[in-house]
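# return atomic coordinates for the entry below.
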Amino acid sequence: MSAMVDWFWRRPLLPLERAFVRRHFGATLDAQLPGLRIYLRRVGDTRRALSFNGGRISMPRSCFVAGDPRQPLRLAQPQIAGVFAHELLHQWQRVQGQAVTRQAFWLQLRQLCGGHNPYAYARCSDAQVMHDTFLQAQVEQQGQMWEDHVRACVAGAPAAEFARIAAHVRGDRATAGAAPGDAASRA
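Next comes the predicted model:
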């Protein structure tokens, strides 16, 4: 019985992880926070993270302090923080009404059949263009943009081109839609 319980192991987000969610998502995931659960990735490519309906996020063992899933995620590492943020963005997308699992399944299947990389997007230095690109992007492109934004923030070099995307995700509509140089964009 113990092996079966271990197989389905999960835990709620720890205080450090909850603070990370609040820092990068503002209050937009507050209603989901009590139900978000971290799982240890055990099936398939165990080096990749996954996000499922119902607030389930599976992370590779290497993402946890000392490789122990009972410990916090190593969110001071830009790559790990970015991957966690990518999976959290999929939870945010679900709150926005997007069919994330279905879209991601078809995107991944298309890539396996020789299609294009579902994470690729055209990056530029213009925050408004990047925001417009984000709004038109499919779920994995949005996840990759958000991952790139959070990686840069955690590395201590926030990229200005993601500022409006960040405001949009945090729910700050005034800043997300502000024109460069106006009061809302300086807030």
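
# okay, and the residue nearest the centre of the chain sits in which element?
Central residue check for the chain by Cα atoms, centre = their mean: the C-alpha nearest the mean position is that of H86, 2.1 Å away. Under the criterion of DSSP states H and E, H86 resides in helix 78-95.

# could you check that helix and say which residues are buried?
Neighbour-count burial for helix 78-95 flags 78, 80-94 (criterion: 16 or more other Cβ atoms under 10 Å). From N, CA and C alone the C-beta is placed, and that goes for glycine too.

# so for it, what's the average pLDDT?
When pLDDT is averaged over helix 78-95, the result is 96.

# so how far is it off the chain centroid?
Relative to the centre of its chain, helix 78-95 is centred 1 Å away, using Cα atoms, centre = their mean, to the nearest Å.

# for stretch 81-101, same thing?
For stretch 81-101, the gap between its own C-alpha mean and the chain's C-alpha mean amounts to 5 Å (Cα atoms, centre = their mean).

# can you map out the strands along the protein?
Along the chain, counting by DSSP state E, strands occupy 10-12, 37-40, 50-52, 56-59.
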